[in-house]
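here is my input; please provide its structure:
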Amino acid sequence: MINLLPDEVKNKRKYNFYRKFSLLIILGVVMVLFVLNLYNYNTLGKYQKRVLVCKEKLEQINPLISEIKSFDEKEEIIKEKEELISNLEVGFNCGAMIKDLNIAIPYQVWLTDFIILKENKFRIIAQTCTNQKIIETVSQLNQYPLFTDVKLECTEELPSAIRFDIRGNIKL
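Model prediction:
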């Protein structure tokens, strides 16, 4: 078959064909993008619902988590106390140590606290009237055979006395 149409008509038909074809392709791409957008929107909605459900569950679990943390803290305290008790069973005599500590502390020094810490450490908080008594207390505790590495941690001047903090190790 011989095409006897003029070139203008041929070009116009070709142009219309390509225009319709490109519009169809663009429409197809837009449709695909629209479907993908709907899918993503639906997926995002489901994800948001799951996040809300997870937040609600987390809010329900938060009291349990705090309770578990408090149990862990209590367990740690119990372990420390068990360690102190095991040290006592090994031959650590607190009564005799306090009697000897009473002898080792100089006159005009008042013990406020005597704390036995974990890992065989101790802390003494006391008060006195003069700095000389603080130095005397530290030197006498250093001479005491049960205490090692006795050091003055801090002092605080009160209106009527000087409060000081001593730390060291207990030698078992």
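
in what helix or strand does the residue most central in space within the chain lie?
In the chain, the C-alpha closest to the average C-alpha coordinate belongs to residue 69, at a distance of 11.2 Å (Cα atoms, centre = their mean). Using DSSP states H and E, the secondary-structure element containing residue 69 is helix 7-90.

what mean pLDDT does that helix get?
Throughout helix 7-90, pLDDT has a mean value of 88.

got the contact list for stretch 106-122?
Residues external to stretch 106-122 that are found in contact with it (Cβ atoms under 8 Å, 6 or more residues apart in numbering): 80, 83-84, 87, 94, 98, 101, 105, 123-130, 133, 136-137, 140, 147, 161, 163, 167-172. In this view, the C-beta of every residue, glycine as well, is placed from N, C-alpha and C.

swap in 7 Å and give it another go.
By Cβ atoms under 7 Å, 6 or more residues apart in numbering, the residues outside stretch 106-122 that reach it are 80, 83-84, 87, 101, 105, 123-129, 133, 136-137, 140, 167-170, 172.

buried only: go through these for me.
Of the members of the contacts of stretch 106-122, the ones counted as buried by neighbours, 16 or more other Cβ atoms under 10 Å, are 84, 87, 101, 105, 124-128, 133, 136-137, 140, 167-170.

taking those one by one, which sit in strands?
Secondary structure assignment (DSSP state E) places 124-128, 167-170 from those within strands.

for residue 151, name its beta-bridge partners.
Note on residue 151: beta-bridge partners by DSSP bridges are residue 167.

neighbours of residue 164, how many?
Residue 164 is flanked by 23 other residues according to other Cβ atoms under 10 Å.
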